[in-house]
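*Asks:* following is a predicted model, sequence given first.
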Amino acid sequence: MQTVRDIPIRFLPPHSLAETLEDLKTRGYQLQFRREATCLFCHELNQWVTPESFVVDEYYHFEDAASIDEARTLYAITSGEGQKGFLVDTCLVYEDNISPEMTQKLRWEYEVPGTIRA
């Protein structure tokens, strides 16, 4: 089973979101996913994808220290059927509006050098 610790998070400046998204598209992540309360939705396929039916391959976090409200996370996602796409999310700002399964699936973790994890 995939865990968040299996996938490194990459922190990037906000202006590089478009560049990173373009790179993902050249690597086959063409479909756009939208986060819903209990699953993802792909408009191109008109398909709902449950948390058990997708894997997050890569995480990218874009944050500007001057404007934390504009922080975004870009997820590279592969569905259980092998279809690749992406999700641009508002860093779980609305985490209380999604299921625990979706929260767990989309949560990323990172370690700050010099800190000890409990």
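*Replies:* Yes, it's here.
*Asks:* and the longest helix along the chain, what's buried?
*Replies:* Ranked by number of residues, the top helix in the chain under DSSP state H is helix 17-26. Judged by neighbour count using 16 or more other CB atoms under 10 Å, the buried positions of helix 17-26 are 17, 20-21, 24. Yep, even glycine has a C-beta here, placed from its N, CA and C like the rest.
*Asks:* distance to F86 and pLDDT for those - can I get that in TSV?
*Replies:* Below are those laid out as TSV (distance: CB to CB, whole Å; pLDDT from 0 to 100):
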residue	distance to F86	pLDDT
L17	11	88
T20	9	92
L21	6	94
L24	6	95
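*Asks:* ok, of the residues you listed, which one's closest to T90?
*Replies:* Of all the buried residues of helix 17-26, T90 sits closest to L17, with 12.4 Å by CB to CB.
*Asks:* got the contact list for the closest one?
*Replies:* 60, 62, 72, 74, 88 (CB atoms under 8 Å, 6 or more residues apart in numbering).
*Asks:* count the neighbours of the second one for me.
*Replies:* What it means is F62. F62: 20 surrounding residues under other CB atoms under 10 Å.
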